[in-house]
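Undergrad: fold the following.
(chains A and B)
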Amino acid sequence: MIRYILIRFLWLIPIIICVSLIVFSLMELAPGNAIDAMLSEDLTPEARQELIRRFNLDRPMIYRYGVYMFNLVQGDLGVSDVTGLSVWREFIVRLPNTLVLSFTALIIGAAIAIPLGIIAAMKAGSLVDNAVTVVSLVGVSIPVFWLGLLLILAFSLHFGWLPSGGYEHGIRSLLLPALCSSFALMANAARQTRSNMLEVFKADYLRTARAKGVPERVVIRKHALGNAWIPIITAIGSSLSVQLAGSVVVESVFAWPGIGRLAADAVTARDVTLTTGVVIMTSILYVLVQLIVDVLYAFVDPRVKAQYLSASKKRRRAA
Amino acid sequence: MRKIRKALALALCLGMTLALLAACGPADTGTGTAPGGAGTSTAPPQQPGAPVGTGDGDLTEAAPDEPDVVFAEHIDVILPNENFAVLNPLSPAANSTATDMVFILIHDRLLERNPDTGEYLPALARDWNTEDYQTFVFNLREDVFFHNGDQFTAQDVINTVELAREIGAGSQGAAQWAPIETNRAIDEFTIEIVLGAVNVDFYFNLTIPAAGILNRRAIEEDSENGTWIGTGAFIVTEFLSNDLTRLARNDNYWNTDRNILTPTMTIRFVPEMGVRAVRLQSGDSQISFGTGSEDIPLFQADPEYFNIVPHTFNSLTGISFNMNDPLMADYYFRKAVMHAANRVDIAYFAAGDWAMPACNLPDGSIWGFQTEFRNNNIPIIEFDQELARDYLMRSSYNGETIQIAAAIATAINGAQALQEQLRQVGISAYIQEMDTPGLNAYMLDPQGGSQIVFHSLAMNLSSSSYRLAFYPGGPQNRMHYDNPEVSRMLVEAATMTDTNARRDHFLRIQEIVFADAPFFNMYHRVNPVVAVNGLGGVGLTAENRQIDLREIFLIVD
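TA: As a prediction, this is how the structure comes out:
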């Protein structure tokens, strides 16, 4: 298992190289640069030339990329081309906001989606099942942007219960963006849970368990859900990864200062250093979440755990 | 049964598709009709020179001097739709109305300027003098302290100038100090500044919000946040780039003449336009400088609670012709475009009621309407399609499709209106939409660039700022205009100490530029400032970079 985790971490190196190269190239292709983005009314041609030299924009992209990577291997993500602030600091200031939002959305989404999916599967074809299916479809199809505005109109403007944005009111500020983010996650997870449970319900071992007189509650919880976990975890893990990479739309609608908005602002400002830094960090987060999901497989499914154990035994025998 | 289900499914699909298409269409901005139209205006008539809008209140009024009035403890301000990346006047990224608004709150300048009279007012400098506009002596206040407790002295002015040279390349702040050749502290509270050349604009430079005095010790201790430390009326307690600034009143503020009534303030950027309106309606924010014109009817419907004030910008929005392009260099073609453009319709199509067509002013000057030395004898270029066709016949135009570049939404709307009006006289055009950095890069490229760019010529109240637009290489010179006589006169103007001679000089420059016609004025933007009733003390001037919130207040009881 440890070997597996180490290999996954080593994969980060080519991922970072590829991601940074792609970002650098895309930013190079975009018209304009950081100086054009912050073009001041007072920017004289001389000052412009000085800035071009400072940002190495008079050098080829490959040179700038080389300098960036040289600093990166020393653990330096650089400073933002636009603000002059440390990229690491900019990222780390916003990371807790994104983590809090993502995990709250995950908890809300999973807490509602999994029971809903199970109930829908148990009552397949019934009105409840159809209702869950419709809600899931709406959840997947509804634009997050529109849902966010609806939530603000309802809970901030009409009822006046919650603030319309920002992050300064603690949990009250968190509720609306988390609810908005959780909606798509909830819909996905509910559909995934329902379809997997329906698959498992057809399995022989469930019929055997029921024939042996095992209570239905135990059949569902232990035998059915136990075998349906892997696809559910995969779905939730994927949604969480996307959330952690920053939900630009939710963060913009709710003026939530997270990583998504930071990345979007950096791209708009043609801030290559900040954009690359944020994309690298979010790639690492993405890989970490996927790794955690893989490790979780072993905990929820003894067959996966057995695979890891047998592989490690084989290696020991070979040694 | 199956046929009925199929029909229902088909109907549902069609309905959803139509709904999607409808949702993708442009929002109803109240503009009603298409632009142009056989030489008739579709926009409502407006009073010449009058700012448009519906505001009947006055946000600038001072707080009532009555003992039983209760003021709000906190005011939440929504910024204009501009970047708000740094709180460092020596950063090139500090170039927006939003950052200047905060600089005025946290930093003090040596001088301030009465926007109505143009008179210079004492600030950190108690008094000042110069005999030749090259050597200046400033006597500084002795009772001023920075937010970190350091006393303000002449050395701080020297330090700010040095910092501008060391770390301020390309910044607005550094540009104001750039003319200085040497400076020295005569004593602890007197400083002598010597410029490299005579510069009559230097006093004006010192009033720019980015020319605030900084504290070197604070910057050396914390290079990222040290620039927040000033001597201003408010202290920054939190700053998050492109998000918000929290401010607390500086209870030791030296300027006791100022009535600083609000203990804490949050100045925030709200990315989503619709949410800005909701924040005001729900009471989360009390004033917004960034409300979209399409949301204004919401507030107009509630005059008991909201006050809408039109804030007309001095800067001009219009079109620049790329003089490096052979067709655009053709005077007759430019004149054809100018006479084909119906500014009233273009302004209305771009921003509804919230734009003041330049032709509604009493003259056709390309100066901002409050910029000094405005030449009021510049004729207005009339909308005349027959004349446009006549000029077009005399031009080298051969039916090619010309490009109009635009970046922000209102400019794109305006460009679309212009495109239609050009079509009516026989000029084919297409719109090249891009974002602001793309447009800047595109237009400043001497080898390329669009043929026409629809943009704002951001100018302040000093005539010398037109050097940025009409001098070769100037950051606002998107037309690549290069008239040696104008260039010479612009340089000379900065050295002319005789006000009358200087005025004549600038009047002549306007005549020459008008005759060359590299730029065509369309309209002045009018920003609807929305605030809850009871809010006042806002310093609004035609110069959008000088919005002063130091004395803002909100009466709650």
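
Undergrad: which regions of chain B sit below the pLDDT cut-off?
TA: B:1-57, B:446-449 (pLDDT under 70).

Undergrad: who in the stretch 401-550 of chain B is up against chain A?
TA: Listed as neighbours of chain A in the stretch 401-550 of chain B under the rule C-beta under 8 Å from any C-beta of the partner chain: B:434-442, B:444, B:458, B:460, B:465, B:468, B:473, B:475-476. Backbone N, C-alpha and C define where each C-beta goes, glycine included.

Undergrad: buried ones from those, can you make that a PyMOL selection?
TA: In PyMOL, a selection of the buried entries from those looks like this (16 or more other C-beta atoms under 10 Å in any protein chain shown):
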select buried, chain B and resi 434+435+436+437+438+439+440+441+442+444+458+460+465+468+475+476
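
Undergrad: surely residue B:314 is within a strand?
TA: Yes: assessed by DSSP: H, G, I helix; E, B strand; the rest coil, residue B:314 belongs to a strand.

Undergrad: now do the contacts for it.
TA: Residue B:314 sits next to B:368, B:369, B:370, B:371, B:459, B:460, B:461, B:524, B:542, B:543, B:544 when contact means C-beta atoms under 8 Å, 6 or more residues apart in numbering or on different chains.

Undergrad: doesn't residue B:457 make contact with the fourth one?
TA: No: Residue B:371 sits out of contact with residue B:457 when judged by C-beta atoms under 8 Å, with a separation of 10.7 Å.

Undergrad: low-confidence stretches in the stretch 51-200 of chain A?
TA: For the stretch 51-200 of chain A (pLDDT under 70), the answer is none.

Undergrad: how about the residues of it that lie near chain B?
TA: So far as C-beta under 8 Å from any C-beta goes, the stretch 51-200 of chain A lies against chain B at A:51, A:54, A:82-86, A:89-90, A:93, A:149, A:152-153, A:156-157, A:160, A:163-166, A:168.

Undergrad: take the residues you listed and keep only those in helices.
TA: A:51, A:54, A:89, A:90, A:93, A:149 (DSSP state H).

Undergrad: please, a ChimeraX command that selects the buried ones among those?
TA: Those of those that count as buried under 16+ other C-beta under 10 Å are selected in ChimeraX with:
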select /A:51,90,93,149
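
Undergrad: which one among the ones in helices among the residues of the stretch 51-200 of chain A next to chain B gets closest to chain B?
TA: Relative to chain B, the closest of those is residue A:51; by C-beta to the nearest C-beta it sits at 4.5 Å.

Undergrad: assign the closest residue to the closest one other than its chain neighbours to helix, strand or coil.
TA: Residue nearest to residue A:51 in three dimensions, not counting chain neighbours: residue B:170, with 4.5 Å by C-beta to C-beta, 6 or more residues apart in numbering or on different chains. Assigned by three-state DSSP, the conformation of residue B:170 is coil.

Undergrad: tell me the contacts of residue B:170?
TA: Going by C-beta under 8 Å, 6+ apart, the list of residues near residue B:170 reads A:35, A:40, A:43, A:47, A:48, A:50, A:51, B:92.

Undergrad: try it again with 7 Å
TA: When contacts are counted by C-beta atoms under 7 Å, 6 or more residues apart in numbering or on different chains, residue B:170 touches A:40, A:43, A:47, A:48, A:50, A:51, B:92.

Undergrad: just give the number of residues close to residue 88.
TA: Since you didn't name a chain, this refers to chain A. 15 (other C-beta atoms under 10 Å in any protein chain shown).

Undergrad: if you could check chain B rather than the one you did, that'd help
TA: 27.

Undergrad: excluding its backbone neighbours, what's nearest it?
TA: Sequence neighbours aside, residue B:227 is the residue nearest to residue B:88 in space, at 4.0 Å (criterion: C-beta to C-beta, 6+ apart).

Undergrad: sec struct for the one you found, please.
TA: Quick answer, by three-state DSSP: residue B:227 is helix.

Undergrad: burial count for it?
TA: Neighbour tally, residue B:227, other C-beta under 10 Å: 28.

Undergrad: and the one 4 residues further on, by the same measure?
TA: Counted with other C-beta under 10 Å, the neighbours of residue B:231 add up to 28.

Undergrad: repeat for residue A:45
TA: For residue A:45, using other C-beta under 10 Å, the count is 14.

Undergrad: backbone torsions only: list them for residue B:231.
TA: Backbone torsions of residue B:231, given as degrees, to the nearest 10, read phi -110, psi 10.

Undergrad: got it, and residue B:129?
TA: Torsion angles, degrees, to the nearest 10, at residue B:129: phi -160, psi 160.

Undergrad: how about residue A:113, nearest residue that isn't a chain neighbour?
TA: Residue A:113's closest residue in space is residue A:189 (C-beta to C-beta, 6+ apart), at 3.6 Å.

Undergrad: go through the helix or strand containing the one you found and flag the buried ones.
TA: Taking DSSP states H and E as the definition, residue A:189 sits inside helix A:171-201. Buried residues in helix A:171-201, counting neighbours by 16+ other C-beta under 10 Å, are found at A:173-198, A:200-201.

Undergrad: give the contact list for the closest residue to residue B:178 other than its chain neighbours.
TA: The shortest distance from residue B:178 to any non-neighbouring residue, by C-beta to C-beta, 6+ apart, is to residue B:164 (7.5 Å). Residues in contact with residue B:164 (C-beta under 7 Å, 6+ apart) are B:90, B:173, B:174, B:177.

Undergrad: let's see 8 Å
TA: Residues in contact with residue B:164 (C-beta under 8 Å, 6+ apart) are B:90, B:171, B:173, B:174, B:176, B:177, B:178.
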